[in-house]
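Asker: got a structure for you, letters missing:
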Ligand SMILES: Nc1ncnc2c1ncn2[C@@H]1O[C@H](COP(=O)(O)OP(=O)(O)OP(=O)(O)O)[C@@H](O)[C@H]1O
C-alpha cells in the first residue's frame, strides 16, 4: 500500500489515542476559559458602574454571573485564571509531546529506510545526499502536526465558539465580522501562493549549496593540492548571491504577509466601531457592558485569528516535506522477500548467462557471464582494471542484480532469496567495504558479548604475532573516520579480522596480500591455508599469481568477451 501523508498521521494517531484525546480536551477546556474571562469583565463592569445589560443575562448559567458581591466575583475570577493556566499548560505540553513523538517515529523509520535502500538507488543523484539533511523536513512536519493540525483545530473551535457568542449578543455584527474574514482569507491566500513558490525555490537553492559544500569538503585534499580555492570561492559566491536574491524576495513577501494579518484584524475592529457608532442599540447606555464584552472577546482572539489566517504556509511547507519523506519511504528496498535460512551445506554458486550493466552506463559490464564457484574450493578470479571484479562481488552480495540471466546458490535462484539470507553466508575483505566504528573493537565485531571480545582480542594478537609489539593495534585504539587513523596494512589486517570473526562459510578476498607487511602476510597465509579446508574462498585479483593453492583459476577478461 502506498504511503501517504494521511496514512502516516492516522497510523501514528492510532497508537497515541489517549494522549491526543487528553490534549484536545485540555485545549477545548482552556479555550472555554479564554472566552469566559472577557465575559467576566463585562460582569465586573456592571458591578463597578451599576449598569445592567439584558444581553449578558443570556450567560446567567455561568457561575460568576450569579455572584452577589465583588468579593465572590473576584474569587471566581481568579479561579478562572488559575484553571485556564493549568489547562493551557497541559494542552501546550501535550501538543509538543505529540509533535516530538511523531517526529521520533518518522526519524526512526527514515533511518531504517536509509539502511534498507537498494545500493543503486542510493547512489543515484540526490538521494544519498538528501538523506544526510532531512532534519529541516522533520521540523516542518512537526510544525504541520502541532500548528497546522492540532492547534488549528483548537483555534477554529475557539473562533467558532466566540462567533456563536457574538451571534448570541448581536447577529448583525457577527455577520459583518464573517464578511471581513472571508475577504481577508482570500487576500492572504493569494499572498501565500507567492510565498510558497518562493520558499520552494529557496529551499532547492539551499539544498544545492549544501551538496556543493559537501562535495568540496570530501575532496578537500585535491582542492588544496590543485590550488582550487579561488575558482571554488567564486562559484560559491555566485550561488550565495542567488540564494540571497531569492531570500530577499521571500523576506519581502513574508513581511507583507506578516504586516497584513494585524492590519486585517485591526480593520475588523474598525469596522465594528463604525457599526457600533451607527447602531441605535449602542447609543443607549445600557448596551455598554455587552459592547465591552464583544471588544474584549475580539481582542483576546486576535492572536488566534492571526494564527489561523497564516496557517496555510505551515500546511504548504509541511506538504513539501511530507512529499520528500514519502519519496524516501517509497524507494525500492532490500529484504522485502521473506528471510529464508540457507543450510550451511555446501552448494555451488552459479552464474548463468548473466548480463549486467550499471543504470547510467552505456556499456554492459557482463554480457553473458557463466561461472560455477564450487563449494569448499578456492577459486581465483583475475583480470585487468575495469573487467568487473568489484561488480562480481556486488552481484555475489546481491547489492546489485543481473539485468538478464541469473545467479543461484545450488538450485535456489538469488531472486527468491532476501539479501540478508545471502549475506549471512558471505564475508568480504576489500578496501571497497570500509571499516567503521569508533575503535578497533567496533570496527571488527558487532556483537558486544564478552566471548566475542575475548575472541577478537585473541585473533588480533594472532594476526599481529610477527609484528613488532610496539606497533600492535589494541581493541580500544581509535580508528578515525572510516579508518582514517590506520595505514593501509592495518586497515587490511582489520578487514581480515572482521571477516574471520563472522564465521561465514564463503570468504571473498580482494587483492589478498596487497598492503600487508611481509610478516603479517605469512600469518594471513597460514590462516587462509587452515580455512581452505572448511570454507569456500573466492580470491579476486589483478594478477594470476597467488601464494595460495587454488582449485580453479578464472580469467574474467576472457569470460567477459
Ligand atoms: N556505479 C557505477 N556506475 C557506472 N559504471 C560503473 C559503476 N561502477 C563501475 N562501473 C563501470 O563498470 C566497469 C567494471 O567496474 P569494476 O569496478 O567492477 O571493475 P574492476 O575490475 O573491479 O576494476 P578495478 O580493478 O580497477 O577496481 C568499469 O568499466 C566501470 O567504469
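Answerer: Looks like it came in fine. From a predicted model like this one, the values you see are computed outputs, not experimental measurements.
Asker: and whichever strand or helix holds residue 353, what does it pack against?
Answerer: Using DSSP states H and E, residue 353 sits within strand 349-356. Using 3 or more C-beta pairs under 8 Å, 6 or more residues apart in numbering; DSSP states H and E, the elements in contact with strand 349-356 are strand 366-373, helix 389-396, strand 404-409. (C-beta placed from N, C-alpha, C; glycine too.)
Asker: helix, strand or coil for the closest residue to residue 302 other than its chain neighbours?
Answerer: Nearest non-adjacent residue to residue 302, counting by C-beta to C-beta, 6 or more residues apart in numbering: residue 265, 4.9 Å away. Recorded secondary structure, residue 265: helix (DSSP: H, G, I helix; E, B strand; the rest coil).
Asker: one step back: the strand holding residue 353 - which strands sit beside it in the sheet, and in what orientation?
Answerer: Strand pairing for strand 349-356, using DSSP bridges, gives strand 366-373 (antiparallel), strand 404-409 (antiparallel).
Asker: make a markdown table out of the helices and strands packed on strand 349-356 and add mean neighbour count.
Answerer: Converted to a markdown table, the helices and strands packed on strand 349-356 look like this (neighbours: other C-beta atoms under 10 Å):
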| stretch | mean neighbour count |
| --- | --- |
| strand 366-373 | 18 |
| helix 389-396 | 21 |
| strand 404-409 | 18 |
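Asker: and of these, who's closest to the ligand?
Answerer: Among the helices and strands packed on strand 349-356, helix 389-396 comes nearest to the ligand, with 3.4 Å by C-beta to the nearest ligand atom.
Asker: how far off centre is that closest one?
Answerer: Counting by C-alpha atoms, centre = their mean, to the nearest Å, helix 389-396 is centred 31 Å from the centre of its parent chain.
Asker: list, one by one, the residues from the stretch 301-450 of the chain near the ligand.
Answerer: Taking C-beta under 6 Å from any ligand atom as the measure of proximity, the stretch 301-450 of the chain contacts the ligand at 358, 360, 361, 365, 385, 386, 387, 388, 389, 390, 391.
Asker: can you say which of the residues you listed are buried?
Answerer: Among these, the ones that count as buried by 16 or more other C-beta atoms under 10 Å are 365, 387, 388, 389, 390, 391.
Asker: between those residues, which sits nearest residue 443?
Answerer: Residue 443 has its nearest neighbour among these in residue 390, at 21.2 Å by C-beta to C-beta.
Asker: what does the chain put close to the ligand?
Answerer: Within the chain, the positions adjacent to the ligand are 123, 358, 360, 361, 365, 385, 386, 387, 388, 389, 390, 391 by C-beta under 6 Å from any ligand atom.
Asker: low pLDDT regions in the chain?
Answerer: 50-61, 125-133, 281-289, 343-345, 560-561 (pLDDT under 70).
Asker: the helices in the stretch 51-200 of the chain, which residues?
Answerer: 70-116, 119-123, 127-130, 135-143, 152-169, 171-218 (DSSP state H, counting those that start in this stretch).
Asker: CSV for those helices, including mean neighbour count?
Answerer: Listed next are these as CSV, based on neighbours: other C-beta under 10 Å:
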stretch, mean neighbour count
helix 70-116, 16
helix 119-123, 14
helix 127-130, 15
helix 135-143, 19
helix 152-169, 17
helix 171-218, 15
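Asker: for residue 551, which of those is the nearest?
Answerer: Here helix 119-123 is closest among the helices of the stretch 51-200 of the chain (C-beta to C-beta), at 30.5 Å.
Asker: now find how far off-centre the closest one is within its chain.
Answerer: Distance, centroid of helix 119-123 to centroid of chain: 18 Å (C-alpha atoms, centre = their mean).
Asker: packing partners of it?
Answerer: With contacts taken as 3+ C-beta pairs under 8 Å, 6+ apart, helix 119-123 sits against no other helix or strand.
Asker: start at 848 instead
Answerer: Shifting the count to begin at 848 puts that one at helix 966-970.
Asker: to residue 1283, which of the helices of the stretch 898-1047 of the chain lies closest?
Answerer: Nearest of those to residue 1283, taken as C-beta to C-beta: helix 917-963 at 13.0 Å.
Asker: correct me, but residue 1246 touches residue 966?
Answerer: Yes - using C-beta atoms under 8 Å, residue 1246 is in contact with residue 966, at 4.4 Å.
Asker: do a quick rundown of the strands in the stretch 1248-1397 of the chain.
Answerer: Along the stretch 1248-1397 of the chain, counting by DSSP state E, counting those that start in this stretch, strands occupy 1251-1256, 1259-1260, 1273-1276, 1353-1357, 1383-1388.
Asker: which residues does the shortest one contact?
Answerer: Surrounding strand 1259-1260, the residues in contact under the criterion C-beta atoms under 8 Å, 6 or more residues apart in numbering are 1187, 1189, 1194, 1253, 1254.
Asker: one step back: quick one, which of the strands of the stretch 1248-1397 of the chain is nearest to residue 1340?
Answerer: Using C-beta to C-beta, those put strand 1273-1276 closest to residue 1340, at 9.9 Å.
Asker: given the closest one, what are its sheet partners and their directions?
Answerer: Here strand 1273-1276 is paired, per DSSP bridges, with strand 1353-1357 (parallel).
Asker: domain parsing of the chain, as residue ranges.
Answerer: The chain breaks down into these domains under automatic domain parsing: 852-1176, 1196-1407.
Asker: hmm, back to that, what's the closest of the strands paired with strand 1196-1203 to residue 879?
Answerer: Go through the strands paired with strand 1196-1203 one by one with C-beta to C-beta and the one that ends up closest to residue 879 is strand 1251-1256, at 67.4 Å.
Asker: the residue of the stretch 1298-1408 of the chain found nearest the ligand - how many residues pack around it?
Answerer: Per C-beta to the nearest ligand atom, the residue of the stretch 1298-1408 of the chain with the smallest distance to the ligand is residue 1389, at 6.1 Å. A count of neighbours around residue 1389, defined by other C-beta atoms under 10 Å, yields 14.
Asker: nearest approach to residue 1091 belongs to which of the helices and strands packed on strand 1196-1203?
Answerer: Proximity to residue 1091 (C-beta to C-beta) singles out helix 1236-1243 among the helices and strands packed on strand 1196-1203, at 43.2 Å.
Asker: hmm, who's touching that closest one?
Answerer: Residues contacting helix 1236-1243 (C-beta under 8 Å, 6+ apart): 966, 1196, 1198, 1201, 1203, 1212-1213, 1228-1230, 1247-1249, 1254, 1269, 1273, 1275, 1277, 1279, 1355, 1357, 1385, 1387-1389, 1403.
Asker: quick one: work out the angle between it and strand 1213-1220.
Answerer: Here the directions of helix 1236-1243 and strand 1213-1220 differ by 70 degrees (axes from the mean of the first three to the mean of the last three C-alpha atoms, to 10 degrees).
Asker: I'd say the residue nearest to residue 1149 and residue 1154 touch.
Answerer: No - Residue 1112 lies out of contact with residue 1154 (C-beta under 8 Å); the separation is 11.0 Å.
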